[in-house]
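>>> the sequence and its predicted three-dimensional model are supplied below.
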Amino acid sequence: MPSPSVPSPLVPLPEDDAHYMRLALELGLSVADATGDNPAVGCVIVRDRVVVGRGATQPPGGAHAEVMAIRDAERGGHSIAACDLFVTLEPCAFHGRTPPCAALIIAKRPRRVVIGTIDPHPRVRGRGLAELRGADIEVVLGVLGDDVRQNLGAWLARFEPIPPSCGR
């Protein structure tokens with residue numbers, strides 16, 4: 001039996017969260033000029049410390065980063081229920097040009113959702129976070145939040161300041 005001080009290989013370490021969020025940030029930056037009025041979001045899906053899905057926001061009307069990453073992971077035969085999902089911006093919680101990402105994530109039941117920052121859009125503002133938590137999905141908020149806010153600065157500025165009641 002391992003000593004209690006030895007972490008299980010399935011338990012994420014804090015430095016892992018920052019590493020995977022950096023990968024998600026890079027994916028978001030890779031589409032920065034291609035998302036129109038949508039934020040340039042990146043998402044990675046991780047199973048046992050291996051990235052099994054990657055996605056970035058598509059042009060307006062196309063899939064969001066979370067959808068792209070889930071599709072990528074599932075194409076590889078991975079069940080999202082055994083994975084952690086890292087996304088730079090809180091998943092949307094309303095039906096606009098695309099269905100809400102929060103609902104899809106809830107349906108797929110990942111082990112954890114790690115979010116860089118709250119989405120300040122008036123139709124989200126903490127609702128995606130609340131829906132995930134309300135579905136008993138573990139949510140970690142604020143990993144590399146300053147970096148995410150810097151990278152999404154122009155888009156975020158359209159909607160900020162975010163009221164403190166939104167879970168920031």
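Okay, I see it. Residues are numbered from 1 along each chain as shown.

>>> please count neighbours and contacts with C-alpha atoms only from this point.
OK.

>>> tell me how far the ends of stretch 73-84 are from each other?
Using CA to CA, to the nearest Å, the end-to-end distance of stretch 73-84 comes to 11 Å.

>>> actually, stretch 69-89.
Using CA to CA, first and last residues of stretch 69-89 are 14 Å apart.

>>> what average pLDDT does it get?
Averaging pLDDT along stretch 69-89 gives 97.

>>> contact partners of that stretch?
17, 20-21, 24-25, 28, 41-48, 52-56, 65-66, 108-119, 148 (CA atoms under 8 Å, 6 or more residues apart in numbering).

>>> could you flag which of those residues are buried?
17, 20-21, 24-25, 28, 41-47, 52-56, 65-66, 109-119, 148 (16 or more other CA atoms under 10 Å).

>>> residue contacts, the nearest residue to Ala135 once chain neighbours are set aside?
Excluding the flanking residues, the one nearest Ala135 by CA to CA, 6 or more residues apart in numbering is Ile106, at 6.7 Å. By CA under 8 Å, 6+ apart, the contact set of Ile106 is 132, 135, 137.

>>> please redo it, this time with the cut-off set to 10 Å
81, 131-137 (CA atoms under 10 Å, 6 or more residues apart in numbering).

>>> CA atoms of the helix or strand containing it as PDB?
In this structure, Ile106 is located in helix 101-108 according to DSSP states H and E. Written as PDB, here are the backbone C-alpha positions of helix 101-108 (Å, rounded to 0.1, in the frame of the first residue of the first chain):
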ATOM      1  CA  CYS A 101     -21.800  24.300 -23.900                       C
ATOM      2  CA  ALA A 102     -22.700  23.900 -20.200                       C
ATOM      3  CA  ALA A 103     -25.500  21.600 -21.100                       C
ATOM      4  CA  LEU A 104     -23.300  19.400 -23.300                       C
ATOM      5  CA  ILE A 105     -20.600  19.200 -20.600                       C
ATOM      6  CA  ILE A 106     -23.200  18.200 -18.000                       C
ATOM      7  CA  ALA A 107     -24.500  15.500 -20.300                       C
ATOM      8  CA  LYS A 108     -20.900  14.200 -20.800                       C
END
